[in-house]
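[1] Got a predicted structure plus its sequence, pasted below:
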Amino acid sequence: MSAGSGSSSPADLPRFVAERTAVIELADGRSITVRPATSRDRRHLIEGFDQTSPASRFARFLQPMPVLSERELEHLLAIDQVDHFAWAAFDEDGAPVGVARYIRLPDEPSHAEAAVTVVDAHQRRGIGSILMQLLAESATANGIEHFVAYVGRNNDKVLDAVGRAGASQIDADEYAMTLAVALPLDDETFSTSSLANTLRAIAAGDQP
């Protein structure tokens with residue numbers, strides 16, 4: 001079934017995930033495990049959400065979010081690896097530390113809403129960049145040409161990151177900006193690094 005037409009998860013989902021699971025060493029000497037998230041990651045999703053501050057939750061959802069409702073959980077877990085894809089990161093003890101996801105826009109199937117969240121205790125370690133690069137690789141493979149991001153006007157960190165990736169503004173209000181980023185991500189420093197090649201192989205399931 002083609003992308004954007006109600007695609008379902010791969011027939012052999014455990015194998016799909018296993019081929020794309022890898023341990024990545026970070027610049028600080030510690031490591032994370034990355035893999036595609038699935039609809040079975042409910043516990044990890046809740047644990048990760050509980051470890052984020054109210055400010056981080058607001059930056060992600062653009063509204064106060066004290067808890068994830070059942071409806072929101074169902075929406076975030078409706079992952080099919082084509083129209084809705086998520087990459088998750090875990091620390092050395094197996095605790096969730098970050099997630100990046102895209103959800104294809106039904107009225108514009110070459111575009112997808114994209115977002116990344118890293119729990120507060122693990123921010124500024126490069127995890128968000130790794131997850132977003134993996135997500136971009138998966139999106140490109142599934143026929144997505146642009147990421148769309150909704151970013152609060154005071155979220156300087158994310159605005160700076162998407163600016164470096166060549167984002168263009170397509171809409172704005174007094175609270176947030178809607179930005180579009182063409183794929184593949186235009187980050188020259190990252191794209192020429194050895195890590196980029198590793199992440200491309202992980203995303204494609206082509207690890208040695």
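    That came through, no problem.

[2] which one is residue 81 nearest to, not counting chain neighbours?
    For residue 81, ignoring the flanking residues on the chain, the nearest one in space by C-beta to C-beta, 6 or more residues apart in numbering is residue 9 at 5.2 Å. Heads up, the C-betas are built off the backbone N, CA and C, glycines and all.

[3] Can you classify the one you found by secondary structure?
    For residue 9, the secondary-structure state derived from DSSP: H, G, I helix; E, B strand; the rest coil is coil.

[4] Ok, residue 178 next?
    Three-state call for residue 178 (three-state DSSP): strand.

[5] could you measure it against residue 111, distance?
    Using C-beta to C-beta, to the nearest Å, we find residue 178 at a distance of 11 Å from residue 111.

[6] same thing with residue 183?
    When distances are taken as C-beta to C-beta, residue 183 and residue 111 turn out to be 10 Å apart.

[7] Show me the common contact partners of these two, please.
    Between them, residue 183 and residue 111 share these contacting residues under C-beta atoms under 8 Å, 6 or more residues apart in numbering: 144-147.

[8] what about the helices in this protein?
    Using DSSP state H, the helices of the chain run over 13-19, 42-50, 54-61, 70-76, 127-141, 156-164, 188-191, 194-204.

[9] hey, least reliable of the ones you listed by pLDDT?
    The stretch with the lowest mean pLDDT among the helices of the chain is helix 188-191, which comes in at a mean of 50.

[10] related to what we said a few turns ago, buried subset of the shared contacts of residue 183 and residue 111?
    144, 146-147 (16 or more other C-beta atoms under 10 Å).

[11] contacting residues for the spatially most central residue of the chain?
    The chain has residue 100 as the residue nearest its centroid, 1.6 Å off, counting by C-alpha atoms, centre = their mean. With contact set as C-beta under 8 Å, 6+ apart, residue 100 has these partners: 86-87, 114-117, 128, 131-132, 134-135.
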